[in-house]
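Peer 1: Structure for this input, please:
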Amino acid sequence: MGFSQAISGMNAAAQQLDVIGNNIANSATAGFKSASISFADMYAGSKVGMGVKVASVMQNFNDGTVTSTNNSLDVAISGNGFFRLVDSSGQAYYTRNGQFQMDSERNIISADGLYLSGYLATGNPPTIQQGATPQPLSIPQTMLNASATTKAALQVNLNSNHSVPSKSPINASDADTFNYSTTITTYDSLGNPHNVQLFYVKTADNQWDVHYLDSSDPDAELTKAGVMAFDTSGKLISEPEMSININGIKGAAANSFTLSLANSSQQNLDKEAGSVKTPIVDGYVAGELVGYSINDDGSIYGIYSNQQTMLLGQIAMADFANINGLESAGNNNWRSTNQSGDAVIGIAGSGTFGSLTSGAIENSNVDMSQELVNMIVAQRNYQSNSQTIKTQDQILNTLVNLR
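Peer 2: The predicted model follows:
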């Protein structure tokens, strides 16, 4: 049995060297997970063993180091989870290699051409429907259409020292009919800007009328929006929201939006004019796609020339009850098996899933120092087993030469 025992030991050591060699060969492969081999002894109804066999080859799924790159589509995983990839037939694969790029149709693909899958953004404004079936993700070059203004906010201080204007009624062209004015820029359904002038007219102590005029519309008329009333401490006590109605121009639809004057005040600032803080206005002009970004939760945003961003989708993550039950499919990908269990799908940063880092990749987790030490040990094991064969040969030679 000495020969068979030694041969089994040499075979086991050779397979260990294969595993070590594969680890070293992939030490620069992004997302690669090193493997280790485990052995088991063999018995056949006697106390003397028959040698050794390879029990399993286990992969080490510990994190590799994260390195920044210049590719905004690169994504690194820290913690549990895999990227979910699909081929043209819908077969799912799983990987830790976050080196992604775009194909000619602007689908996000892996280096071997598989589609990165995730949740698509739908609705207006776009949102992610959690629990939906993951779909291939893409970054379309579709223009971001203009959005009409729906609300604006303005915080002003009206000078309590002002007097009621000497002339009446209000005339936008006559500064003697109002105390002062401000202008906010809003947008209609086609993205046309509207310069809306707001006029403040003191009618009595602690009482002001607010009028507006769309100076971008030659047919617009001066219209009263509402009244601002203050208490004796200068605090606004009237309804702070007013409705502004704007006519459509250049083919756009008419638009109405809410103007909030909340937190406005009436104080004497010892100067002629009042004060106005920067207005906050929603709505925007149309914009072309100029870039994209991926957040730590895997959400993908398009960046547009109008300084807006829009949610396009979110990368799906996959995890398994037994990750060592995954079957290697080559190209740094794995497939699920009965041993691994079905994939649990979710998003980064939730449940047991790890976090993502955009513009970075996860390096191989191969420890070169440890692999070289393991290589020396495997080599010595191989040599020692070969010595067993040599010794057995010498014993047999002695028996044959007995006289």
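
Peer 1: Give me the sheet partners of the top strand by length along the chain and which way each runs.
Peer 2: Longest strand of the chain, by residue count under DSSP state E: strand 193-204. Partner strands and pairing direction for strand 193-204 (DSSP bridges) are strand 180-187 (antiparallel), strand 207-214 (antiparallel).

Peer 1: In the first one, which of the residues would be classed as buried?
Peer 2: By 16 or more other C-beta atoms under 10 Å, the buried positions in strand 180-187 come out as Tyr180, Ser181, Ile184, Thr186, Tyr187. In short, each C-beta sits where N, CA and C put it, glycine included.

Peer 1: wait, which of those residues is closest to Val290?
Peer 2: Of all those, Tyr187 has the smallest distance to Val290: 19.3 Å, by C-beta to C-beta.

Peer 1: and the closest residue to that closest one other than its chain neighbours, what does it touch?
Peer 2: Closest residue to Tyr187 apart from its sequence neighbours, by C-beta to C-beta, 6 or more residues apart in numbering: Gly283 at 3.8 Å. By C-beta atoms under 8 Å, 6 or more residues apart in numbering, Gly283 lies in contact with Ala146, Ser147, Ala148, Thr149, Thr150, Thr186, Tyr187, Phe257.

Peer 1: Can I get the residues you listed in JSON lines including distance to Glu371 and secondary structure?
Peer 2: JSON lines is the format used below for those (distance: C-beta to C-beta, whole Å; DSSP: H, G, I helix; E, B strand; the rest coil):
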{"residue": "Ala146", "distance to Glu371": "58", "secondary structure": "coil"}
{"residue": "Ser147", "distance to Glu371": "56", "secondary structure": "strand"}
{"residue": "Ala148", "distance to Glu371": "62", "secondary structure": "coil"}
{"residue": "Thr149", "distance to Glu371": "62", "secondary structure": "coil"}
{"residue": "Thr150", "distance to Glu371": "61", "secondary structure": "coil"}
{"residue": "Thr186", "distance to Glu371": "65", "secondary structure": "strand"}
{"residue": "Tyr187", "distance to Glu371": "61", "secondary structure": "strand"}
{"residue": "Phe257", "distance to Glu371": "65", "secondary structure": "strand"}
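
Peer 1: Please identify which two of those are farthest apart in space.
Peer 2: Ala146 and Phe257 (14.1 Å).

Peer 1: Between the two, which has more neighbouring residues?
Peer 2: Phe257 (22 against 19; other C-beta atoms under 10 Å).

Peer 1: mind checking pLDDT for the residue nearest to the more buried one when sequence neighbours are not counted?
Peer 2: Excluding the flanking residues, the one nearest Phe257 by C-beta to C-beta, 6+ apart is Thr149, at 4.7 Å. Looking at Thr149, its pLDDT is 96.

Peer 1: In contact with Thr149, which residues?
Peer 2: Thr186, Tyr187, Asp188, His194, Asn255, Phe257, Val281, Asp282, Gly283.

Peer 1: Now distance to Asn268 and pLDDT too, for these, in CSV please.
Peer 2: Shown next, in CSV, are these (distance: C-beta to C-beta, whole Å; pLDDT from 0 to 100):
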residue, distance to Asn268, pLDDT
Thr186, 31, 96
Tyr187, 36, 96
Asp188, 38, 95
His194, 33, 96
Asn255, 37, 94
Phe257, 31, 97
Val281, 29, 95
Asp282, 33, 94
Gly283, 35, 93
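
Peer 1: quick check, nearest of those residues to Ser305?
Peer 2: Using C-beta to C-beta, these come closest to Ser305 at Tyr187, 14.8 Å.

Peer 1: now the closest one: how far from Phe82?
Peer 2: Plainly put, Tyr187 is 43 Å away from Phe82 if you go by C-beta to C-beta, to the nearest Å.

Peer 1: now the helices for the chain?
Peer 2: 2-25, 368-400 (DSSP state H).

Peer 1: List the buried residues of the last one.
Peer 2: Residues of helix 368-400 classed as buried by neighbour count (16+ other C-beta under 10 Å): Glu371, Asn374, Met375, Ala378, Asn381, Tyr382, Asn385, Thr388, Ile389.

Peer 1: What of stretch 224-241?
Peer 2: Ala225, Gly226, Met228, Phe230, Leu236, Ser238, Pro240.

Peer 1: Run through the residues that contact the fourth one.
Peer 2: What it means is Phe230. Leu158, Ser160, Asn206, Gln207, Trp208, Leu236, Ile237, Ser265, Gln266.

Peer 1: ok now do Thr133, which residues does it touch?
Peer 2: Thr133 neighbours (C-beta under 8 Å, 6+ apart): none.

Peer 1: nope, Gln308 is what I meant
Peer 2: Gln308 touches Leu144, Tyr284, Gly287, counting by C-beta under 8 Å, 6+ apart.

Peer 1: what do you get if the cut-off is 6 Å, keeping everything else the same?
Peer 2: Tyr284, Gly287 (C-beta atoms under 6 Å, 6 or more residues apart in numbering).

Peer 1: Mind pulling up the pLDDT for it?
Peer 2: Confidence score, pLDDT, at Gln308: 94.

Peer 1: How about Asn397?
Peer 2: Asn397 is given a pLDDT of 77.

Peer 1: Give me the distance between it and Gly287.
Peer 2: With C-beta to C-beta as the criterion, Asn397 and Gly287 are 88 Å apart.

Peer 1: quick one on the thing from earlier: can you redo the strands paired with strand 193-204 as JSON lines with distance to Val366?
Peer 2: Listed next are the strands paired with strand 193-204 as JSON lines, based on distance: least, C-beta to C-beta, whole Å:
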{"stretch": "strand 180-187", "distance to Val366": "55"}
{"stretch": "strand 207-214", "distance to Val366": "67"}
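
Peer 1: closest to Pro169 out of the ones you listed?
Peer 2: Closest among those, using C-beta to C-beta: strand 207-214, at 9.7 Å.

Peer 1: For that closest one, C-alpha coordinates in PDB please.
Peer 2: Taking C-alpha atoms only, strand 207-214 is exported to PDB below (Å, rounded to 0.1, in the frame of the first residue of the first chain):
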ATOM      1  CA  GLN A 207     -50.400  95.900   5.800                       C
ATOM      2  CA  TRP A 208     -49.000  95.400   2.300                       C
ATOM      3  CA  ASP A 209     -50.400  94.400  -1.000                       C
ATOM      4  CA  VAL A 210     -48.400  92.100  -3.400                       C
ATOM      5  CA  HIS A 211     -48.800  92.400  -7.100                       C
ATOM      6  CA  TYR A 212     -47.100  90.600 -10.000                       C
ATOM      7  CA  LEU A 213     -46.300  91.100 -13.600                       C
ATOM      8  CA  ASP A 214     -44.700  88.700 -16.100                       C
END
